[in-house]
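> Build the 3D model from these lines:
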Amino acid sequence: MLTRFAVAALALALAAPAAMAQDADATATLPDIAMGSEDAPLTIVEYASFTCGHCANFHAENWPKLKAEYVDTGKVKFIQRDVYFDQPGLWAGVLARCGGDDKFYPVSHMLFDEQKDWLAGGTGEEIAANLRKIGLKAGMTEDQMTACWEDTAKAEQLIATFQKNATADGIEATPTFIIGGEKVQNQPWDDMKAVIDAKLAEAEPAPAN
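Prediction:
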């Protein structure tokens with residue numbers, strides 16, 4: 001379980017975003033973790049919360065199509081940026097980063113796939129215990145997870161990073177996408193695919209004369 005210290009520390013970090021926003025120099029932000037080719041002609045950023053049901057639905061229904069058709073083929077570089085609406089979302093965000101960059105997306109997908117199960121806990125301790133089970137399945141140790149959850153400096157970095165990016169992109173709900181620099185709300189796959197294809201067409205170099 002999360003220790004009482006960790007619960008209090010993460011709650012404090014989440015409750016003090018305004019102060020951190022005013023002192024950006026004191027809280028360093030974290031770099032994006034990208035999936036796909038660095039040379040991809042189009043970048044898609046997804047703002048998602050681990051406690052957002054619509055985000056879980058996107059990852060169950062549309063993410064496999066996006067990955068297979070665009071990310072795996074080298075057309076799109078994908079970046080997920082976390083949004084923290086509540087303490088469980090922050091706990092999950094810390095867990096996703098706990099195993100290092102290589103495990104970020106595998107753990108993130110586990111969190112979305114099993115969202116209903118780990119959020120079903122009636123108390124914070126039960127939710128934390130459910131999250132710990134996901135971490136163990138991802139190959140993390142008990143001590144490793146405890147250390148990550150008690151790292152208040154990292155939690156503050158995560159919140160500062162979320163605030164900076166979400167403010168810059170005008171994010172008000174999740175999931176929201178930035179496709180080729182344009183803010184796009186969640187929508188059916190065929191509509192999103194049309195936006196992606198149009199942006200890819202714009203990104204293609206003009207034919208030589």
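> Could you report the neighbour count for F162?
By the criterion of other CB atoms under 10 Å, F162 has 23 neighbours. Every C-beta, even on glycine, is put in place using the N, C-alpha and C of the backbone.
> so how far is the strand or helix carrying it from its chain's centroid?
Using DSSP states H and E, F162 sits in helix 152-169. Relative to its chain's centre, helix 152-169 lies at 11 Å (CA atoms, centre = their mean, to the nearest Å).
> Show me what that helix is packed up against.
helix 4-15, helix 17-22, strand 42-48, strand 76-82, helix 87-98 (3 or more CB pairs under 8 Å, 6 or more residues apart in numbering; DSSP states H and E).
> Can I get stretch 179-190 in CSV? Just the C-alpha atoms.
Extracted in CSV, the C-alpha atoms of stretch 179-190 (Å, rounded to 0.1, in the frame of the first residue of the first chain):
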residue,chain,number,x,y,z
ILE,A,179,-2.6,16.8,-34.0
GLY,A,180,0.0,18.7,-36.1
GLY,A,181,-0.3,21.6,-33.8
GLU,A,182,-4.1,21.8,-33.9
LYS,A,183,-6.3,21.1,-30.8
VAL,A,184,-8.8,18.3,-31.6
GLN,A,185,-11.5,17.0,-29.3
ASN,A,186,-12.2,13.3,-28.8
GLN,A,187,-14.3,12.0,-31.7
PRO,A,188,-15.2,8.8,-33.6
TRP,A,189,-12.2,7.1,-35.2
ASP,A,190,-13.3,7.8,-38.8
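> quick one: contacts of it?
Residues from elsewhere that reach stretch 179-190, judged by CB atoms under 8 Å, 6 or more residues apart in numbering: 42-44, 54, 58, 61-62, 65, 169-171, 173, 175-178, 192, 195-196, 199, 202-203.
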